[in-house]
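1. Provided below are the primary sequence and the corresponding predicted coordinates.
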Amino acid sequence: MSSKLEQLKQFTDVVADTGDIDAIRRFSPQDATTNPSLILKAAQLAQYQPLIQRVISAQSKGPRDAQWLQKTATQLAVEIGAEICKLVPGKVSTEVDARLSFNTEAMIAEGRYIAELYQQKGIAKDRLLIKVASTWEGIQAAAVLEKEGVECNLTLLFSLIQAAACAEAGATLISPFVGRILDWHVARGLAPETAHDDPGVQSVIAIYSYYKQHDYKTVVMGASFRNIGEIEALAGCDRLTISPALLTELSEDTQALPRQLGPDMNFIPHPKLDITESGFRWALNDDAMATEKLAEGIRAFAADQVKLETLLSEWN
């Protein structure tokens with residue numbers, strides 16, 4: 001029998017959650033996603049050192065101030081994304097600076113800038129997804145970008161209200177974070193007995209069900225997995241973005257992988273949610289896990305953005 005990875009690819013688009021070109025080449029995913037943490041990790045790999053030198057050399061020779069660093073970091077993310085585009089037939093996700101997560105206009109400007117940098121390298125908009133945090137402001141930014149033909153990946157998503165708002169905004173894709181939801185519950189002594197009891201898995205199933213019964217076209221891409229059991233429990237989800245370590249596990253396992261999700265499954269009826277700004281903010285505030293993990297995720301990505309900029313500032 002073929003590996004679980006090959007079986008999974010029969011009913012789910014597999015996306016590589018990495019900036020490591022060697023890993024992408026090894027697993028041949030449909031798409032690839034990056035974020036500030038993954039770009040920081042990639043920037044420390046030997047094969048990227050000439051690329052970093054090229055990016056820095058192409059920038060202005062003035063002081064390496066905040067504006068220079070942010071611009072150079074964005075350029076580096078695009079350069080890495082452009083290299084990834086050579087290896088995947090689908091889309092590459094590139095994330096806006098997490099420090100802009102509560103500034104709609106700044107996220108719109110950054111999204112346009114990233115798309116423009118890709119176009120300058122001959123990479124069309126249809127190969128790109130702009131990643132923005134699923135804050136109210138991020139969702140509004142995505143709505144504007146989508147109308148301009150710049151497709152978006154709404155990330156750091158932990159709740160149904162965030163997912164519903166993203167779909168109403170016309171987002172191309174969402175990335176609900178399975179593993180981080182599990183982390184929150186485990187930290188409170190609520191470890192699930194099976195993958196199907198995993199609160200992160202259940203969250204994605206609820207979102208998938210809500211989208212299908214209300215005929216939303218936004219793609220559900222489960223993300224941030226802690227083990228292959230979570231992936232197996234979501235087999236059949238539109239897309240799953242998976243780390244190289246878990247891709248390796250799936251590629252080495254030849255047991256049967258049954259499909260769990262599909263558009264014709266029996267859905268638990270759920271009325272449409274209130275997607276006014278006040279309704280969104282209240283529902284998110286009322287969900288302690290989603291509120292805490294969203295804030296934590298933004299802080300973590302922002303911290304890695306600063307680390308990346310520090311690396312660039314010290315580059316000789």
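-> Received, thanks.
2. show me where the stretch 201-316 of the chain has strands.
-> Taking DSSP state E, counting those that start in this stretch, the strands of the stretch 201-316 of the chain run over residues 219-222, 239-242.
3. so which of these gets nearest residue 87?
-> When the strands of the stretch 201-316 of the chain are compared by CB to CB, strand 239-242 sits nearest residue 87, at 15.3 Å. In this view, the C-beta of every residue, glycine as well, is placed from N, C-alpha and C.
4. who's in contact with the closest one?
-> 8, 12-17, 30-31, 33, 173, 175, 219-223, 225, 231, 234, 250 (CB atoms under 8 Å, 6 or more residues apart in numbering).
5. Dump it to CSV, restricted to CA.
-> What follows is strand 239-242, C-alpha atoms only, in CSV (Å, rounded to 0.1, in the frame of the first residue of the first chain):
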residue,chain,number,x,y,z
ARG,A,239,-6.0,21.6,2.5
LEU,A,240,-3.6,20.8,5.3
THR,A,241,-0.3,22.5,5.8
ILE,A,242,2.2,20.2,7.4
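6. what comes up buried for it?
-> 239, 240, 241, 242 (16 or more other CB atoms under 10 Å).
7. Work out the gap between that strand and the centre of the chain.
-> 9 Å (CA atoms, centre = their mean, to the nearest Å).
8. next one: stretch 192-203
-> 20 Å.
9. Mean confidence (pLDDT) on that stretch, please.
-> Throughout stretch 192-203, pLDDT has a mean value of 96.
10. what do you get for stretch 115-132?
-> 96.
11. distance between the ends of that stretch?
-> 13 Å (CA to CA, to the nearest Å).
12. With stretch 224-238 instead?
-> Start-to-end, stretch 224-238 (CA to CA) is 15 Å.
13. same deal with stretch 210-225?
-> Terminal-residue distance, stretch 210-225 (CA to CA): 21 Å.
14. Check the offset of that stretch from the chain's centre.
-> 13 Å.
15. buried sites along it?
-> Of the residues in stretch 210-225, those buried (16+ other CB under 10 Å) are 210, 211, 212, 216, 218, 219, 220, 221, 222, 223, 224, 225.
16. Hmm, residue 218 and the second one touching each other?
-> Yes: the pair residue 211 and residue 218 passes the contact test of CB atoms under 8 Å, sitting 6.3 Å apart.
17. shared neighbours of those two, anything?
-> With CB under 8 Å, 6+ apart as the test, residue 211 and residue 218 both reach 163, 167.
18. what's the single longest helix in this structure?
-> Taking DSSP state H as the criterion, the chain has its longest helix at helix 288-313.
19. give the contact list for residue 271.
-> For residue 271, counting by CB under 8 Å, 6+ apart, there are no contacting residues.
20. Can you report how many residues neighbour residue 104?
-> Using other CB atoms under 10 Å, residue 104 has 20 neighbouring residues.
21. I meant to write residue 21 there.
-> Residue 21 has 20 nearby residues by other CB under 10 Å.
22. Check what pLDDT it gets.
-> pLDDT at residue 21 comes out at 86.
23. tell me the secondary structure for the residue lying closest to it once chain neighbours are set aside?
-> Counting by CB to CB, 6 or more residues apart in numbering, residue 21 lies nearest to residue 83, which is 5.7 Å off, once chain neighbours are set aside. Three-state assignment for residue 83 (DSSP: H, G, I helix; E, B strand; the rest coil): helix.
24. Run a quick neighbour tally on residue 83.
-> Neighbour tally, residue 83, other CB under 10 Å: 17.
25. I'd say it and residue 20 touch.
-> No: counting by CB under 8 Å, residue 20 is not a contact partner of residue 83; they are 10.6 Å apart.
26. Can you show me the helices along this protein?
-> Counting by DSSP H, the helices of the chain are 4-8, 21-27, 36-43, 49-58, 66-85, 104-120, 136-147, 160-168, 178-186, 199-213, 228-233, 244-252, 277-285, 288-313.
27. Many thanks, have a good one.
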